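A.B. asks: let's see this in three dimensions:
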Amino acid sequence: MTTPVAFAKESEMDRIPLAIVGAGGMGGRHLRALGALYESGMANVELMAVCDLREDNAKHLADSAQQVLGSRPQVFTSMEQMKTQCPDIQAVDITTDSGSHHLVAEMAFDLGYHVLCEKPLSLTIRGCNRVIDAWKRSGKVLSVGEQERRDPICRLNKAVLDAGAIGAPYAFLLGSASGGSDIVIWPWRHYKNIGGIFVDAGVHVVDQMMYYLGEIEEVFAVAKVWESKRYRGERIGVGDFYEHWYDEVPDEIDADAEDMVVSTLKFANGAIGQWTSFYAAHGEPLRYGMIYGSKGSMQPAKQRRGEPLTVTIDGVGAVTGDEVLTLVPDFHLDELSARLFGADRLGSYTTPFEDADRFLVALEYYELGQCIAGGTEPEVNAYVGRKDLAVCNAALESSVLGRPVTVAEIENEETAEYEASINTHWKI
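C.D. replies: Take a look at the predicted model:
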């Protein structure tokens, strides 16, 4: 089902010069997103440089940019050097490892850059607050990379809930189990002080839960490390983003980040959530999700898959696919989403995972350019990013303390036993 939309001409747009800081797998992933934005005809940002402490990584990403974008960005090994030698750059996209985000973002603001920072903003609230202080001093734009909510089916999911199709929300049940003893994505995602997998992936999950049902106020959880030894599998990472570095991954690592967290959540609107995150599951993998309300239920969107929603309404039955659009007659995607995914009203899509992935990050880039040009606020700002982290760390703190923990306690640093070793490691 398609509604015509009026597209702007690319020639009418000024491109904001930016740099990617962090030229590993995530940097390459974001480069592909820039390629998608360029191809859309709506590019409002332009890659001018790549920066990484490892010059070989920066050169590899620059070579890839030549192929993807048609021009080779300059290569730097420090942001200070980049600022001096390429002064026209206005913004940086931070795609370093999670543990260093706060350091790089703080430095970027002090150098006068606008910032798009991959999630999480930091591993601790204190780190987030340091970034927020630097952002406020700078007067620049700060956008946190939570792209999954931008998926067309997630947007539809939100619209259906807001329209009251399943009534007042009662419960959100969500969980996944996989991983076994393999290294998941990359070794540092198994190191608590650098970016454990529960936090690194969990902030995405939390962001979607709160996007749909509003703020989470309290968490009661149990966390555990089941696999203290992790082993390199046949493949590393998501898609082929990290394959270039496969030989650098050790055959075996010692893991100290939690690989199982089972949480009960209290939402501000009264709904209750149950969230299981299990990255040490052997045997058959499992993924489930359901939102229950006073008039029905719906399976939440699986971002980047394009699968249709199923909404089951009391007295009506199951509504799925394009029929879901009849529940929200005023629902329309934004112009760029419509151009990337092919229509402004979608009940499902067949776009391959890798393309959907780059499209969602392209939307983040585009929004960054809009915010810089127009002085507007990004959808996922510093406070949303901090709240996403606070919910994850409330779960981990709850497991340490053996009691429910409010998100406010974490955000106000009233209790931070779990975060203490991380703050010490990074000297925050």
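A.B. asks: which residues touch the least confident helix or strand in the chain by mean pLDDT?
C.D. replies: Lowest by mean pLDDT, DSSP states H and E among the helices and strands of the chain is helix 192-195, with a mean of 94. Here helix 192-195 makes contact (CB atoms under 8 Å, 6 or more residues apart in numbering) with 97-99, 120, 123, 188-189, 256-258, 421-422, 425-426. Bear in mind the C-beta positions are built from the backbone N, C-alpha and C, glycine included.
A.B. asks: just after that helix, pick out the following helix or strand.
C.D. replies: Sequence-wise, the next helix or strand downstream of helix 192-195 (DSSP states H and E) is helix 197-213.
A.B. asks: tell me what that following helix is packed against?
C.D. replies: Helix 197-213 makes packing contacts with helix 152-162, strand 169-179, strand 216-224, strand 260-267, strand 272-281, helix 382-401 when contacts are defined by 3 or more CB pairs under 8 Å, 6 or more residues apart in numbering; DSSP states H and E.
A.B. asks: among those, which is nearest Leu333?
C.D. replies: Leu333 lies closest, by CB to CB, to one member of these: helix 152-162, at 5.6 Å.
A.B. asks: which elements pack onto the closest one?
C.D. replies: Against helix 152-162 (3+ CB pairs under 8 Å, 6+ apart) you get helix 197-213, strand 296-298, helix 335-341.
A.B. asks: point out the most buried one among those.
C.D. replies: Per-stretch averages of neighbours, counted by mean count of other CB atoms under 10 Å, single out helix 197-213 among the helices and strands packed on helix 152-162, with a mean of 23.
A.B. asks: how much space separates Arg403 from Ala338?
C.D. replies: 47 Å (CB to CB, to the nearest Å).
A.B. asks: over to Gly283?
C.D. replies: Distance from Gly283 to Ala338, by CB to CB: 42 Å.
A.B. asks: likewise for Val115?
C.D. replies: Applying CB to CB to Val115 and Ala338 gives a distance of 27 Å.
A.B. asks: so among the contacts of helix 192-195, which ones count as buried?
C.D. replies: 97-99, 120, 123, 188-189, 257-258, 422, 426 (16 or more other CB atoms under 10 Å).
A.B. asks: so who does the closest residue to Ala223 other than its chain neighbours touch?
C.D. replies: Closest residue in space to Ala223, ignoring its immediate chain neighbours: Ser399 at 3.8 Å, by CB to CB, 6 or more residues apart in numbering. Ser399 sits next to 221-224, 258, 261, 418 when contact means CB under 8 Å, 6+ apart.
A.B. asks: and those residues, which are buried?
C.D. replies: Buried among the contacts of Ser399 (16+ other CB under 10 Å): 221, 223, 258, 261, 418.
A.B. asks: for the last one, give its distance to Ala394.
C.D. replies: The gap separating Tyr418 from Ala394 is 9 Å, by CB to CB.
A.B. asks: also the first one?
C.D. replies: When CB to CB is applied, the distance between Ala221 and Ala394 equals 8 Å.
A.B. asks: show me what contacts the residue most central in space within the chain?
C.D. replies: Computing the C-alpha centroid of the chain and ranking residues by CA atoms, centre = their mean puts Glu146 first, at 3.3 Å. Going by CB under 8 Å, 6+ apart, Glu146 touches 119, 203-204, 207, 380, 384-385, 388.
A.B. asks: then Lys59?
C.D. replies: Residues near Lys59 by CB under 8 Å, 6+ apart: Val75.
A.B. asks: that older thread, just name the closest of the contacts of helix 192-195 to Val75, please.
C.D. replies: When the contacts of helix 192-195 are compared against Val75 (criterion: CB to CB), the nearest one is Asp97, at 19.6 Å.
A.B. asks: show the model's pLDDT score for the closest one.
C.D. replies: Predicted confidence (pLDDT) for Asp97: 94.
A.B. asks: and the spatially closest residue to it that is not a sequence neighbour, how far from Val249?
C.D. replies: Once flanking residues are discounted, Asp97 sits nearest to Trp188: 5.3 Å by CB to CB, 6+ apart. From Trp188 over to Val249 the distance is 11 Å, taken as CB to CB.
A.B. asks: same check, this time on His282
C.D. replies: Relative to Val249, and taking CB to CB, His282 is found at 21 Å.
A.B. asks: so where does the residue in the chain sticking out farthest from the centre fall, helix or strand?
C.D. replies: Seen from the C-alpha centroid of the chain, the residue lying at the greatest distance (CA atoms, centre = their mean) is Gly315, 37.1 Å away. Using DSSP H and E, Gly315 is not contained in any helix or strand.
A.B. asks: can you check what angle separates the longest helix anywhere in the chain from helix 152-162?
C.D. replies: The helix that spans the most residues within the chain, counting by DSSP state H, is helix 353-374. Compare the direction of helix 353-374 with that of helix 152-162 by axes from the mean of the first three to the mean of the last three CA atoms, to 10 degrees and you get 70 degrees.
A.B. asks: next, format the helices and strands packed on helix 197-213 as a markdown table and append distance to Gln74 and mean pLDDT.
C.D. replies: Output for the helices and strands packed on helix 197-213, formatted as a markdown table (distance: least, CB to CB, whole Å; pLDDT from 0 to 100):
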| stretch | distance to Gln74 | mean pLDDT |
| --- | --- | --- |
| helix 152-162 | 35 | 98 |
| strand 169-179 | 39 | 98 |
| strand 216-224 | 43 | 98 |
| strand 260-267 | 42 | 98 |
| strand 272-281 | 38 | 98 |
| helix 382-401 | 29 | 98 |
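A.B. asks: Glu39: which of these is closest?
C.D. replies: Closest among the helices and strands packed on helix 197-213, using CB to CB: helix 152-162, at 17.6 Å.
A.B. asks: next one: that closest one to chain centre, how far?
C.D. replies: When distances are taken as CA atoms, centre = their mean, to the nearest Å, helix 152-162 is centred 18 Å away from the chain's centroid.
A.B. asks: what about stretch 165-183, start to end distance?
C.D. replies: For stretch 165-183, the separation between the terminal residues is 41 Å (CA to CA, to the nearest Å).
A.B. asks: buried residues in that stretch?
C.D. replies: For stretch 165-183, using 16+ other CB under 10 Å, the buried residues are 165-166, 169, 171-183.
A.B. asks: which of the residues you listed sits closest to Leu18?
C.D. replies: For the buried residues of stretch 165-183, with Leu18 as the reference and CB to CB as the criterion, the closest is Ile183, at 31.4 Å.
A.B. asks: Leu61 contacts Gly22, correct?
C.D. replies: No: applying CB atoms under 8 Å, one finds Leu61 not in contact with Gly22, separated by 9.1 Å.
A.B. asks: any low-confidence regions in this structure?
C.D. replies: 1-13, 238-239 (pLDDT under 70).
A.B. asks: tell me the domain boundaries of it?
C.D. replies: Here the domain parsing of the chain from automatic domain parsing is 10-147, 152-302+307-349.
A.B. asks: much appreciated, bye for now.
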